[in-house]
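can't give you the sequence, but here's the structure:
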C-alpha cells in the first residue's frame, strides 16, 4: 500500500467500504459475481462497439467550429433547414391526424373492414425505395402517369411536378404520408382496441356518443400514446433519407434537400464526411428536446394507454 | 462426466482462442502475394468482363492473387470516401469520381506512383500525364498519384430519323458552335408542326445532379473562349473579361434553351443516366453526354439503332463560332494506391502490368469502346479504325487524337468542389427557370466560386 493510499484510507470506516463493495456486487458472492461479470461483458462490449463508439465518433467528427461556419456559409443550408421544418411539421402532424381518424374508422365491425385494412396497409408493407422511385416516375412532366392521365381525360398538359420547389417538396411530404400513415394507424388502432369496452359502454349510457365520446373518452385515453407516436415519428422523420432522395432527388437545383440528405451530399458528393456529420448534427437542437420529452412521457405514472 | 467449473470454462476459452491463431501464418503468407482491387461497375456487362479478363491474365502471369470487387458507380464513390476516412483501404482503386485523386492528394492520402507511370511514360498522351498529377498540401508540391487507365470525353449524340423526319439531313447540320445547336431548335419546331407533342431539340442537362451538367457547361465555356478560367498554375481568372463573357454566353445559351422550351422540362431534375434513358425514348433529338454509353448500351439489343439511326458527332464535333477547333475536356480514370494499403508492392506490379499497351488496349476494346485509351498509339488499332463502326473513329478523334485538355480540377482542387456544389448548374437554372439575367446569374456564381477557391490555397 502506498503512503497516499494509506492517507486516503484514514478515517474511512471499514464497514462503509464493505457496504460499498457489496452494493457494487449486487449482493453476489465469489464465483456468482465472476459469472455475472462474464455474462455482462459481451453485452457491454457490443454496446460499446456498436452504440457508444459510433455516437462518440460522430460527435468527434462534427466537433470543429469551422465545420459549422462552412455549413452555414453554404447557400442551400437555410432553405434546407426550412424544408426540414416543413417536412417535420406537415409530414408528422398530417400523417398522425389522419392515422387517428382512420384508426377510428377501422374500429368498425365487419369482415369487409378487415379486408379493407389489409389493402390499406399495403403501401407500408411494400419496399419503400421502389415505391418512391415509382412516384418519381409517375410525376415526370413529359411521360409520367399522372400527366398522361390528365391529358387523356381533360386534354390538358399537367405541370412538371418535380420542377418547382414547392410542388416537389409537397410530393415528398405526400409520399411520406402515404407510405407511413398505415403503420401509425395500426398502432393507434391497437391503442383504441385496448380501451376497455366497459368504459365505452358507460360513456354511451351517459350520452357520450359520436364526437362527444371521442373528445371526452377516446382521445383523453389515447393522448399519451398519440404524443409518444408523434415524438417517435418526428425523430424517425428527421433521419429520413429515402423519400427526398428518391422522389425529388433534392432538386430542382438543390431546393428540396432536408438535413439528412444534405449530410449525405456533403459527405459523399463534396467528399467531406466531417461536413456531412456537421449537417446532421445541426439538427441536434431539435432532436434533444424531443428525446427528453419522450423519455419523460415514457416515465409517466398515470394510468393511460 | 466432467463438472463444469469457472476455471474449466476459462481454460477451454483460452484453448479455443489459441487454436484460432493457428491459421494466421497462412493468412500472412497469402497476404504477401494478394492485393485487393476496387473498380466501378461498367455501364454494359462487357466492361466488367474485360476487367475480369485483365485481372485473370495478371494472376496467371504473376502468380499473385487479386481480390477484385466490382462495385456500382455511386456506391463505390461512397465506399472509397468511407474507406479513406476510416483508414481501412484496399490496395488499388479506380478514381471514382475522377477528382477523388485531387481531393485526397491534397490531404496526402495517396502513395506516389511516379515509378509506375514512368514505365509507360512515352506512351501516354500529354493530357493523361497531366491528369495523373495533383497538388499535395502537406508536402506543398505537385506529385504523380494516379496511373492513367482510360478516358472519356463528351460527344454529341443525334437521332438521324428525327432529323430526317423534320425535313433535314445530317449533312445539313452546321459546323460552328451556336449554329450547330440552333439547328436542333429548328428540327424541334418542324417536328412540332407535324404534331409531335413530346419531342425536344436539345438534351441539355440543366440539372444540379451528377457530373453531366458541369461537363456540358465546361464545353460551352471553352467554346465561347473561357478556356483560361483556371490556368495550369492553378490560378483562377474570373477577372478576365474573356472568361466572364464566355460564362455569360454559356449560361445564356444553356439556360435560354430550357426557358424557351427546347429542352425537356424534366431535364432540370435529371440524374446520371436519365438523359441516356430520355434519349433512348426519343424524347429529344440530340444529347450532349459523356462517353459512348448511349450507343453501347443498345448495340446488342438494337443493332439498327447503333449502326444506322444514332449519329455520334466526334469527328463532326462543332468548332467555335470563329471556326477554330474546340478542345475537348478529358476525364481520365486513374488507378490509385491509398496510403495504408497492405500490399503496395503487388498493387504497383498489378498497375504496371495493367498499363502495358497491349493489356490496357484490350481492356478498353473488350468494353465495346465506351471508354477511350490514354495512349495515342492504341488509336491505330483495327478496332478503333473499323470503317463499319459509325461511332468509334469519331470518338477517338475527339478524345485522343484531336485537341484535348485536362479538367480544371487537375490544376486546382477547388474546381472539384465547384463541380460537386453545382455552381454552374445553379446559374443555368437561375436563367432557365427563374428568369434571372445571365449577367446576374454569372455574377452570383463567380462570387461562390471565389469563396470556394479561398479555401484551397496553392503554394
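Yes, it's here. Remember, predicted model here, so these are calculated numbers, not experimental data.

chain center to stretch B:352-368, what's the gap?
18 Å (CA atoms, centre = their mean, to the nearest Å).

Stretch B:430-448 now?
Counting by CA atoms, centre = their mean, stretch B:430-448 comes out at 26 Å from the chain centroid.

Can you give me the first-to-last residue distance of that stretch?
14 Å (CA to CA, to the nearest Å).

For it, list every residue counted as buried.
Residues of stretch B:430-448 classed as buried under the neighbour-count rule (16 or more other CB atoms under 10 Å in any protein chain shown) are B:430-433, B:436, B:438, B:441-446, B:448. (Each C-beta comes from the backbone N, C-alpha and C, glycine too.)

Next, see if it gets close to chain A.
Yes - Stretch B:430-448 lies within reach of chain A by CB under 8 Å from any CB of the partner chain, at B:433, B:448.

Next: stretch B:208-218.
Yes - using CB under 8 Å from any CB, we find that stretch B:208-218 touches chain A at B:208, B:209.

mean confidence score for that stretch?
For stretch B:208-218, mean pLDDT rounds to 93.

anything in stretch B:108-125 near chain A?
No - residues of stretch B:108-125 contacting chain A under CB under 8 Å from any CB: none, with a closest distance of 11.1 Å.

Buried by neighbour count: which residues of that stretch qualify?
B:109, B:110, B:111, B:113, B:116, B:117, B:120, B:123, B:124, B:125.

Make CSV out of these and add secondary structure.
Below are the buried residues of stretch B:108-125 laid out as CSV (DSSP: H, G, I helix; E, B strand; the rest coil):
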residue, secondary structure
B:109, coil
B:110, strand
B:111, coil
B:113, coil
B:116, helix
B:117, helix
B:120, coil
B:123, coil
B:124, coil
B:125, coil
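
Greatest separation within the residues you listed: which pair is it?
Farthest apart among the buried residues of stretch B:108-125 by CB to CB are B:109 and B:123. That separation is 27.2 Å.

Can you check which strand is longest in chain B?
Longest strand in chain B by number of residues, with DSSP state E as the criterion: strand B:328-336.

Name the strands paired with that one and say parallel or antiparallel.
When sheet partners are counted by DSSP bridges, strand B:328-336 sits next to strand B:92-94 (antiparallel), strand B:147-152 (antiparallel), strand B:404-406 (parallel).

Now residue B:133. Nearest residue, chain neighbours left out?
residue B:142 (5.2 Å; CB to CB, 6 or more residues apart in numbering or on different chains).

Please enumerate residues in contact with stretch B:394-403?
If you take CB atoms under 8 Å, 6 or more residues apart in numbering or on different chains as the criterion, stretch B:394-403 is touched by B:125, B:151-153, B:155, B:292, B:312-317, B:325-328, B:330, B:369, B:372-374, B:376, B:379, B:384.

By mean pLDDT, point me to the weakest helix or strand of chain B.
Least confident helix or strand, chain B: helix B:24-31 with a mean of 42, by mean pLDDT, DSSP states H and E.

of the buried residues of stretch B:430-448, closest to residue B:218?
Closest to residue B:218, out of all of these and judged by CB to CB, is residue B:445, at 13.0 Å.

Quick check: which element contains the closest residue to residue B:293 other than its chain neighbours?
Leaving aside its chain neighbours, residue B:293 sits nearest to residue B:43 (4.4 Å; criterion: CB to CB, 6+ apart). Assigned by DSSP states H and E, residue B:43 falls within no helix or strand.

Residue B:43 - how many residues pack around it?
By other CB atoms under 10 Å in any protein chain shown, 22 other residues sit near residue B:43.

Check residue A:105 too.
Around residue A:105 there are 13 other residues, counting by other CB under 10 Å.

gap between it and residue A:120?
9 Å (CB to CB, to the nearest Å).

Near chain A, which residues of chain B? Just list them.
Residues of chain B that fall close to chain A, judged by CB under 8 Å from any CB: B:6, B:9, B:77-78, B:81-82, B:85, B:100, B:103, B:198, B:207-209, B:264-266, B:268-269, B:271, B:281, B:283, B:416-417, B:420-422, B:425-426, B:429, B:433, B:448, B:451.

Apply 6 Å and report the result again.
B:6, B:78, B:81, B:85, B:103, B:198, B:208-209, B:264-266, B:268-269, B:271, B:420, B:426, B:429 (CB under 6 Å from any CB of the partner chain).

which phi and psi does residue 41 have?
Because you didn't say which chain, this covers chain A. Per-residue torsions, residue A:41: phi -50, psi -50 (degrees, to the nearest 10).

same question, residue B:413
With angles defined as degrees, to the nearest 10, residue B:413 sits at phi -60, psi -30.

Give me the spatial nearest neighbour of it, chain neighbours excluded.
Once flanking residues are discounted, residue B:413 sits nearest to residue B:102: 4.6 Å by CB to CB, 6+ apart.

Now do the SS call for that neighbour.
Secondary structure state of residue B:102, per three-state DSSP, is helix.

So for stretch A:101-117, what gets flagged as buried?
For stretch A:101-117, a neighbour-count test (16+ other CB under 10 Å) marks A:102, A:103, A:104, A:106, A:117 as buried.

what's the answer for stretch A:186-202, then?
For stretch A:186-202, a neighbour-count test (16+ other CB under 10 Å) marks A:186, A:187, A:188, A:189, A:191, A:192, A:195, A:200 as buried.

mind giving me TSV with those and columns for secondary structure, distance to chain B and pLDDT?
Converted to TSV, the buried residues of stretch A:186-202 look like this (DSSP: H, G, I helix; E, B strand; the rest coil; distance: CB to the nearest CB, whole Å; pLDDT from 0 to 100):
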residue	secondary structure	distance to chain B	pLDDT
A:186	helix	33	96
A:187	helix	33	96
A:188	helix	36	95
A:189	helix	37	95
A:191	helix	40	93
A:192	helix	41	92
A:195	coil	47	89
A:200	helix	50	82
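
From chain B, how far off is residue A:231?
Using CB to the nearest CB, to the nearest Å, residue A:231 is found at 31 Å from chain B.

which secondary structure element contains that residue?
Going by DSSP H and E, residue A:231 is in helix A:219-238.

which other helices and strands contact that helix?
Other elements packing on helix A:219-238 under the criterion 3 or more CB pairs under 6 Å, 6 or more residues apart in numbering or on different chains; DSSP states H and E are helix A:77-105, helix A:165-193, helix A:284-298.

angle of the second one against helix A:77-105?
This points to helix A:165-193. Taking axes from the mean of the first three to the mean of the last three CA atoms, to 10 degrees, one finds helix A:165-193 and helix A:77-105 inclined to each other by 30 degrees.

now helix A:165-193 against helix A:219-238, angle please.
140 degrees.

What of the last one?
Orientation check (the same axes, to 10 degrees): helix A:284-298 against helix A:219-238 gives 150 degrees.

Kindly report the same for the first one.
What separates the directions of helix A:77-105 and helix A:219-238 is an angle of 140 degrees, with the same axes, to 10 degrees.

Now helix A:77-105: buried residues?
Going by neighbour count (16+ other CB under 10 Å), the buried part of helix A:77-105 is A:77, A:79-81, A:83-84, A:86-88, A:90-92, A:95-96, A:98-100, A:102-104.

The next helix or strand after the least confident helix or strand of chain B: how far from the chain's middle?
Once the chain leaves helix B:24-31, the next helix or strand it forms, by DSSP H and E, is strand B:34-40. The chain centroid and the centroid of strand B:34-40 are separated by 19 Å under CA atoms, centre = their mean.
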